[in-house]
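Student: Build the 3D model from these lines:
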Amino acid sequence: MKSLLRRWGTTAAAVTVALIGALLLAGQVKHVWDGHTELAALRAHGLHARAQASLTISCAQGRGISCHTSSVWLDFDDADGHSVSVPEETIDGSLYVPHGHRDAEDRVATTVVYDRANPYEAQPAGALDQSVLDLAAHHWIAWTIALALLGGGTAGAIAAWPPPRPSPRRRPA
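Tutor: As a prediction, this is how the structure comes out:
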């Protein structure tokens, strides 16, 4: 007779991997849902204003030079005429980068959307065009890992499931 640990050890490890994958997947779903909710709130009651976006570009050298936008500052006048200058907050961990012609000061003309009660949480209007799939695409590596762990763990648990114990044989009377 195999010990209980030897009999169920591989199955328990596979189930653990599947649970880790399920937790990672649930975390990704929550991130996307939070981003979608934030965008929906701005779509529902946000005010629009013309703005200038200042982009900060960061570059790193590895196998060549790789550059990305590390921050976006939005400068606009709110509905009350107050000048507002705020950094763009990430949505689901990513920045929306306004595109277009840059002026002499390297700024891009754009439109912002903000809540009148808190103009310091403004977003570029283009960010509101993002769908749930766009938000999910920001983290495709995490989605891939989560699905691989969930699928691999589930398949491993099914494959490793131990056969039933043989029932004790009765001696003929």
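
Student: which helices and strands does the strand ranked longest in the chain pack with?
Tutor: The residue-count maximum for a strand in the chain (DSSP state E) belongs to strand 47-61. Applying 3 or more CB pairs under 8 Å, 6 or more residues apart in numbering; DSSP states H and E, one finds that strand 47-61 contacts strand 65-77, strand 107-115, strand 118-124. For every residue, glycine as well, the C-beta is placed using N, CA and C.

Student: how deep is residue 77 tucked in, by neighbour count?
Tutor: Residues lying near residue 77 (other CB atoms under 10 Å) number 13.

Student: repeat for residue 96
Tutor: Neighbours of residue 96 under the rule other CB under 10 Å: 22.

Student: Now do the contacts for the closest residue to it other than its chain neighbours.
Tutor: Distance criterion CB to CB, 6 or more residues apart in numbering; nearest residue to residue 96, sequence neighbours excluded, is residue 127 at 3.6 Å. With contact set as CB atoms under 8 Å, 6 or more residues apart in numbering, residue 127 has these partners: 39, 88, 91, 96, 113.

Student: Now do the phi/psi pair for the fourth one.
Tutor: Right, residue 96. Torsion angles at residue 96 (phi, psi; degrees, to the nearest 10) stand at phi -90, psi 130.
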